[in-house]
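Trainee: Show me the folded form of this:
(2 chains)
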Amino acid sequence: MVEKALFTIMLEGVFVKNFLLIQFLGLCSFVGVTKDVKSATGMSGAVVFVLAMSATVSFALFNFVLVPLKLEFLRTIAFIVVIAALVQLVEFIVRKHVPALYRSLGIYLPLITTNCAVLGAVLLNVMNDYNFIQSVTFGVAAGLGYTVAMLMMAGIRERSNIVNVPKAVGRGVTYAFFVATIMSMSFVNFFGVIPLE
Amino acid sequence: MNDVLINSVAVLAGLGFAVGAMLVAASRIFKIDSNPLIDEVAELLPGANCGGCGFAGCAACAEAIVESGAPINSCPVGGFDTAKEIGALMGQEVTESEPEYPFVRCNGGKSCVTLFDYEGVDGCKAALMLCDSRKGCTYGCLGLGTCVRACQFDALSMGEDGFPHVNKNLCTSCGNCIAACPNEILTFAPDSEKVHVLCRSHDKGKQVKAVCENGCIGCKKCEKECPADAIKVTDFLAEIDQEKCTGCGACAAVCPQGIIEVR
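Mentor: Residues are numbered from 1 along each chain as shown, chains lettered A, B, ... in the order given. The predicted structure is shown next:
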């Protein structure tokens, strides 16, 4: 197999295989934290950090501990432990330095632990046999893709508060689901950007 | 087979131990040195985060009370009881103040001419920006319920008569509705202030009569009648000086429009 160029991995993570809109991973926060752009930005920042860190740590853990001991089957539980610890670390940092953000994120911050986007990214790294640089790149790219989708969604929902939304579409979460559908369909168009191998 | 078993347990236990140690270290590094008093005061506050005190929320209010000397009765929602508890905690005495409730200063409603059906962005502010009120009177209540939506405590409801009604049992005097009203129809009034003018229109009498049956026409009958000299008509609108008002109700008896309310 030809090694994938980093740029391709980046494009895949951000657009072609966007975690929220194409792979439908981590949708909880996609609806929960997109009521305003500010908390969506904070959440995205936290997810990017956790993704980059967990891609790094889980790569080391998998290749230097699990593979030599032939314990690859333990990867899910091992990665979950790593992610949970990193989320806890982020929570400490956010609570100490950005208390306002900590309050606005609320329950969604600890929920990054079970956010399948994070676990999905590190598991995909392993499945695709990415090397270290590729893994970290894919982690960051997945985070950026998450950020792109979150910010678009939050921007649209913020503006929807002051316009007349047709009654059939409804407001609040119903409206968010409609928007998510349309955004997801438009992201499908990125499939053509990278030719299939 | 045994190797795999032992290795699995060892790896997971080791991982758990390493991660646990890391988290303990992190919690030491990122420990928050906060005054424990702030948390205790925050516990006593209602926790509605309505912003009625003027701070960003209950936690911010607690911090302001403890750190920067905000008054212990800063919270209008908790009222006297909360202030007393905080006072006990902080070692300060608190005197009781009379509760104030929002009060609707318009009596137009259905009797005020509606010029057209408004179907734009929902809310008084938007309607006012778009077309200077949908009512004949530009001073009065638009009845689109911006104040009702501003209330976090369900204390306001839009009545059949086109006015917001205040449920004093639910009202916490946070002032969000008063801030939300673009026409300044709502104001705080304690129950001890008995007499109120239910109109805000500064239009001339003839103009008022053309659009509203229940508007102040500025006839000055009340001004002449008042024994305490408490009522003054300025710019075609009667206003009551609550300091001087004795609550006798003589003004209400002579008002030809019946817009002076005695509670």
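Trainee: Show me the longest helix that occurs in the chain.
Mentor: I'll assume chain A. helix A:132-160 (DSSP state H).
Trainee: Chain B is the one I meant
Mentor: Per DSSP H, chain B has its longest helix at helix B:2-29.
Trainee: check whether that one contacts chain A.
Mentor: Yes. Counting by Cβ under 8 Å from any Cβ of the partner chain, chain A is contacted by helix B:2-29 at B:4, B:7-8, B:11-12, B:15-16, B:19, B:22-23, B:26-27, B:29. Yep, even glycine has a C-beta here, placed from its N, CA and C like the rest.
Trainee: Could I get the contacting residues of residue 116?
Mentor: Picked chain A for this. Taking Cβ atoms under 8 Å, 6 or more residues apart in numbering or on different chains, we find A:C116 in contact with A:25-26.
Trainee: not quite, I wanted chain B
Mentor: Contacts of B:F116 by Cβ under 8 Å, 6+ apart are B:R134.
Trainee: So for it, what's the pLDDT?
Mentor: On the pLDDT scale, B:F116 is placed at 80.
Trainee: That one is in what secondary structure piece?
Mentor: Using DSSP states H and E, B:F116 is not contained in any helix or strand.
Trainee: separation between it and B:C181?
Mentor: 21 Å (Cβ to Cβ, to the nearest Å).
Trainee: before we move on, what about A:L66?
Mentor: 64 Å.
Trainee: The lowest-mean-pLDDT helix or strand in chain A close to chain B?
Mentor: Within chain A, confidence by mean pLDDT, DSSP states H and E is lowest for helix A:99-105 among all helices and strands, at a mean of 77. Yes. Helix A:99-105 lies within reach of chain B by Cβ under 8 Å from any Cβ, at A:100, A:103.
Trainee: In terms of secondary structure, what does that helix contact?
Mentor: When contacts are defined as 3 or more Cβ pairs under 8 Å, 6 or more residues apart in numbering or on different chains; DSSP states H and E, helix A:99-105 sits against helix A:37-61, helix A:75-97.
Trainee: tilt between the first one and helix A:132-160?
Mentor: Per axes from the mean of the first three to the mean of the last three Cα atoms, to 10 degrees, the angle that helix A:37-61 makes with helix A:132-160 is 160 degrees.
Trainee: quick one: helix A:37-61 to helix B:2-29, angle?
Mentor: On the basis of the same axes, to 10 degrees, helix A:37-61 is oriented at 140 degrees to helix B:2-29.
Trainee: which residues touch the residue of the stretch 51-200 of chain B found nearest chain A?
Mentor: Proximity of the stretch 51-200 of chain B to chain A (Cβ to the nearest Cβ) peaks at B:V121, 6.3 Å away. Contact analysis of B:V121 by Cβ under 8 Å, 6+ apart lists A:162-164, B:127, B:130.
Trainee: Flag every residue of the stretch 1-150 of chain B that's near chain A.
Mentor: By Cβ under 8 Å from any Cβ, the residues of the stretch 1-150 of chain B that approach chain A are B:4, B:7-8, B:11-12, B:15-16, B:19, B:22-23, B:26-27, B:29-32, B:56-57, B:59, B:120-121, B:126.
Trainee: repeat that with 7 Å
Mentor: Counting by Cβ under 7 Å from any Cβ of the partner chain, the stretch 1-150 of chain B comes close to chain A at B:7-8, B:11-12, B:15-16, B:19, B:22-23, B:26-27, B:30, B:32, B:121.
Trainee: got those as CSV, with pLDDT columns?
Mentor: Shown next, in CSV, are the residues of the stretch 1-150 of chain B next to chain A (pLDDT from 0 to 100):
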residue, pLDDT
B:N7, 88
B:S8, 90
B:V11, 90
B:L12, 91
B:L15, 91
B:G16, 92
B:V19, 91
B:M22, 91
B:L23, 90
B:A26, 89
B:S27, 87
B:F30, 82
B:I32, 73
B:V121, 77
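Trainee: ok, the residues you listed vs A:L111, which is closest?
Mentor: B:L23 (17.8 Å; Cβ to Cβ).
Trainee: Which residue comes closest to the closest one once chain neighbours are left out?
Mentor: Nearest residue to B:L23, sequence neighbours excluded (Cβ to Cβ, 6 or more residues apart in numbering or on different chains): A:Q88, at 5.6 Å.
Trainee: Surely the one you found and B:V24 touch.
Mentor: No. Counting by Cβ atoms under 7 Å, A:Q88 stays clear of B:V24, with 10.7 Å between them.
Trainee: which bits of chain A sit near chain B?
Mentor: By the rule Cβ under 7 Å from any Cβ, the part of chain A lying against chain B is A:65, A:69, A:71, A:74, A:77-78, A:81, A:85, A:88-89, A:92-93, A:95-96, A:162, A:164.
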